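Engineer: just coords:
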């Protein structure tokens, strides 16, 4: 194991500009350097590297991190490989922490298990390919669907066979627990085992490196379910993966667009007709992880689900998932085919050119959203328009501050016969939206907001600050957040090591955000903090993430933003918050006297805490001597603080 102290020393000695510059052509852009993002397809540079803060950030796809995370994400290197590569360039020798025999054995076992899972899936794939060649009914089915042998080979289509224990011919040790863990075999309650997939056309699911991580199977005869996926395994999570993304990567780049459909056969059928930029979700609703992965692939996404009512419901759920991730430089659209068609049947009946023509007419997200909302209410009466506003408010609140949000709000205001200012006032009174869920868990239909139905939408969680708690930002900082600042999912840097910890999302107040910005720009502030300042921070329940960042800077010894990003536990709440703030950190100018700003902020925190405690004592009636003495002590402290300021 590589010591954290060495990682921080390495990041203090290497220059992220030099590292990124080996792979990305950078040009000067003010205090920073700009270039085309290597993580997604773009024509105008939105990828920025800061030589002073030692990290990179893409304003297009949200990629961000340190020199180490750049090598991991761009080259596919593991964490140790990236560290050793950078250390060699800096003339440093990587030390290795001594592991106990037990730790060494556990690490070796984990690595061997992952490798074994991969070997099992590869062996199963070879079996399914052999079975397809020996199965006339399966070959006949694929030909009836218009698929050629070339396309079947490109996507690795196979056949599971009808034998209940067909994989026993591949794996003599059919009782191996890894066969169950890999999702290929099911163990019944009575201990008997049988293959998960039988009499199904098999679709291997690959990750972004082209490795098989799971399977989907489509039954060709009677039976349910029609489609069956691998279960969640150490290698496969359907809420994170997209079928066909590996096969479609070149077509997505050439087309400048990624098409999202519902089924495996849609992807394969479109590819057969020359439309190769399609991917599919894996039997689950579109998740935030899906959308983030899609936006890293292309800045134009088109969702095309089946033309029936179920397809339209799926499109509405996808729209809601996209709202917190909308950007001014990305286009998200929806293609609605005739009710009797899905993408596969449409392209087979009318051809690729007709499908491309329909694709060019895809409805922008904003129009779909407003038309769908209007269709649910009688818009020719005041009551209907009011109900429409009620349903739309939590949806509009999910959209990040942007030019696109302003445009959508103006169009909606005209739709419901309000002025933009009237609508803005209503939205300002909304509680802060709950953070988007990276897990992609589906929200219950008919979730209630304010006591009435809001189909398919879960209400935002309310957040209340204590009375008078930092209502404005101090001079020198623009008050760009008047309420809570939700911890939003962001593309995190590649995992370093260990497991992601469990986290609960916490709102971040403007004052907490001010302190976080100060600490990120000047981590050396941590070394000068005294016990009294730490006690002030400890007493405030709204500064938990600030305390987390102080602890991180103190224990890691990080000297700049890039090092802090690297030191944060991957996928932790703090890491997500730092990622969501990375764009404004990049734009933040250095302060002339950061220590004075820090002391001023803590001064105001203590003032507000005293006032809040005094108010609570007064409301209690100061009934006993202890309460009265406490109130007097607070009054003296308040006078001292006011005189000092």
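Structural biologist: That came through fine. Everything numeric here is computed off the predicted structure, so don't read it as measured data.
Engineer: helices or strands up against the longest helix anywhere in the chain?
Structural biologist: For the chain, the longest helix by residue count, based on DSSP state H, is helix 101-133. In terms of contacts (3 or more CB pairs under 8 Å, 6 or more residues apart in numbering; DSSP states H and E), helix 101-133 is packed against helix 136-144, strand 158-159, helix 177-181, strand 200-206, strand 212-219. C-betas here are computed from N, CA, C, even on glycine.
Engineer: please compute how far the third one lies from its chain's middle.
Structural biologist: Averaging C-alpha coordinates over helix 177-181 and over its chain gives two centres that are 29 Å apart (CA atoms, centre = their mean, to the nearest Å).
Engineer: skipping adjacent residues, who's closest to residue 262 in space?
Structural biologist: Of all residues not flanking residue 262 in the chain, residue 305 sits nearest, at 5.2 Å (CB to CB, 6 or more residues apart in numbering).
Engineer: partners of the one you found in the sheet?
Structural biologist: Residues in a beta bridge with residue 305, per DSSP bridges, are residue 336.
Engineer: what is the neighbour count of it?
Structural biologist: For residue 305, the count of nearby residues is 27 (other CB atoms under 10 Å).
Engineer: repeat for residue 410
Structural biologist: 14.
Engineer: per-residue pLDDT of it, please?
Structural biologist: pLDDT, residue 410: 96.
Engineer: grab the nearest non-local neighbour of it.
Structural biologist: Closest residue to residue 410 apart from its sequence neighbours, by CB to CB, 6+ apart: residue 420 at 5.3 Å.
Engineer: give the contact list for that neighbour.
Structural biologist: 409, 410, 413 (CB atoms under 8 Å, 6 or more residues apart in numbering).
Engineer: re earlier: so which of the helices and strands packed on helix 101-133 is the most surrounded?
Structural biologist: Most buried of the helices and strands packed on helix 101-133, by mean neighbour count (mean count of other CB atoms under 10 Å): strand 158-159, with a mean of 27.
Engineer: that one pairs with which strands?
Structural biologist: Here, using DSSP bridges, strand 158-159 pairs with strand 200-206 (antiparallel).
Engineer: show me the shaky parts of the stretch 1-150 of the chain.
Structural biologist: For the stretch 1-150 of the chain, applying pLDDT under 70 flags the ranges 1, 96-100, 103-104, 107, 110-111.
Engineer: and with 50 instead?
Structural biologist: Counting by pLDDT under 50, the stretch 1-150 of the chain contains no low-confidence segment.
Engineer: these two touch, right, the residue nearest to residue 262 and residue 315?
Structural biologist: Yes - counting by CB atoms under 8 Å, residue 315 is a contact partner of residue 305 at 5.2 Å.
Engineer: please enumerate the strands of the stretch 201-350 of the chain.
Structural biologist: Under the criterion DSSP state E, counting those that start in this stretch, the stretch 201-350 of the chain carries strands at the ranges 212-219, 227-229, 258-261, 278-280, 300-305, 331-336.
Engineer: now those strands as CSV including mean pLDDT and distance to residue 428?
Structural biologist: Converted to CSV, these look like this (pLDDT from 0 to 100; distance: least, CB to CB, whole Å):
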stretch, mean pLDDT, distance to residue 428
strand 212-219, 95, 45
strand 227-229, 92, 43
strand 258-261, 96, 34
strand 278-280, 96, 38
strand 300-305, 94, 30
strand 331-336, 96, 26
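Engineer: nearest to residue 145, out of these?
Structural biologist: strand 212-219 (9.9 Å; CB to CB).
Engineer: show me where the stretch 301-450 of the chain has its helices.
Structural biologist: Using DSSP state H, counting those that start in this stretch, the helices of the stretch 301-450 of the chain run over 309-322, 343-350, 352-360, 365-375, 382-398, 403-415, 420-428.
Engineer: now those helices as TSV including distance to residue 582?
Structural biologist: Conversion of those to TSV gives the following (distance: least, CB to CB, whole Å):
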stretch	distance to residue 582
helix 309-322	21
helix 343-350	37
helix 352-360	34
helix 365-375	25
helix 382-398	20
helix 403-415	20
helix 420-428	26
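Engineer: now, of these, which is deepest in the fold?
Structural biologist: helix 343-350 (a mean of 21).
Engineer: got the angle between that one and strand 300-305?
Structural biologist: Angle, helix 343-350 to strand 300-305, by axes from the mean of the first three to the mean of the last three CA atoms, to 10 degrees: 90 degrees.
Engineer: show the average pLDDT along helix 343-350.
Structural biologist: Over the span of helix 343-350, the pLDDT mean works out to 91.
Engineer: packing partners for it?
Structural biologist: Applying 3+ CB pairs under 8 Å, 6+ apart, we find helix 343-350 packed against helix 264-272, helix 352-360.
Engineer: need those helices in JSON lines with distance to residue 390, can you?
Structural biologist: Shown next, in JSON lines, are the helices and strands packed on helix 343-350 (distance: least, CB to CB, whole Å):
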{"stretch": "helix 264-272", "distance to residue 390": "36"}
{"stretch": "helix 352-360", "distance to residue 390": "34"}
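Engineer: so which of these comes closest to residue 345?
Structural biologist: With CB to CB, the closest approach to residue 345 among the helices and strands packed on helix 343-350 belongs to helix 264-272: 8.1 Å.
Engineer: turn the strands of the stretch 201-350 of the chain into JSON lines, columns for distance to residue 50.
Structural biologist: Converted to JSON lines, the strands of the stretch 201-350 of the chain look like this (distance: least, CB to CB, whole Å):
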{"stretch": "strand 212-219", "distance to residue 50": "35"}
{"stretch": "strand 227-229", "distance to residue 50": "42"}
{"stretch": "strand 258-261", "distance to residue 50": "30"}
{"stretch": "strand 278-280", "distance to residue 50": "33"}
{"stretch": "strand 300-305", "distance to residue 50": "28"}
{"stretch": "strand 331-336", "distance to residue 50": "28"}
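Engineer: show me where pLDDT drops low in the stretch 351-500 of the chain?
Structural biologist: 435-500.
Engineer: same question for the stretch 151-300 of the chain.
Structural biologist: In the stretch 151-300 of the chain, no residues with pLDDT under 50.
Engineer: related to what we said a few turns ago, and the contacts of residue 420 as JSON lines, adding distance to residue 567?
Structural biologist: Output for these, formatted as JSON lines (distance: CB to CB, whole Å):
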{"residue": "409", "distance to residue 567": "39"}
{"residue": "410", "distance to residue 567": "43"}
{"residue": "413", "distance to residue 567": "45"}
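Engineer: pick the one among these closest to residue 629.
Structural biologist: residue 409 (52.9 Å).
Engineer: out of the helices of the stretch 301-450 of the chain, nearest to residue 34?
Structural biologist: With CB to CB as the criterion, residue 34 lies closest to helix 403-415 of the helices of the stretch 301-450 of the chain, at 20.4 Å.
Engineer: name the helices or strands packed onto the closest one?
Structural biologist: Where contact means 3+ CB pairs under 8 Å, 6+ apart, helix 403-415 is packed against helix 365-375, helix 382-398, helix 420-428.
Engineer: not counting its neighbours along the chain, what's nearest residue 156?
Structural biologist: Nearest non-adjacent residue to residue 156, counting by CB to CB, 6+ apart: residue 204, 4.6 Å away.
Engineer: ok, back up a step: can you put the helices and strands packed on helix 403-415 in a markdown table and add distance to residue 241?
Structural biologist: Formatted as a markdown table, these follow (distance: least, CB to CB, whole Å):
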| stretch | distance to residue 241 |
| --- | --- |
| helix 365-375 | 23 |
| helix 382-398 | 24 |
| helix 420-428 | 35 |
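Engineer: looking at those, spot the one closest to residue 86.
Structural biologist: Evaluated over the helices and strands packed on helix 403-415, closeness to residue 86 peaks at helix 382-398, with 39.1 Å, by CB to CB.
Engineer: got the angle for the closest one vs helix 309-322?
Structural biologist: When the same axes, to 10 degrees is applied, the directions of helix 382-398 and helix 309-322 differ by 50 degrees.
Engineer: quick one: helix 382-398 to chain centroid distance?
Structural biologist: Centroid separation for helix 382-398 versus its chain: 27 Å, with CA atoms, centre = their mean.
Engineer: and if you look at stretch 55-71?
Structural biologist: Distance of stretch 55-71 from the chain centroid (CA atoms, centre = their mean) equals 14 Å.
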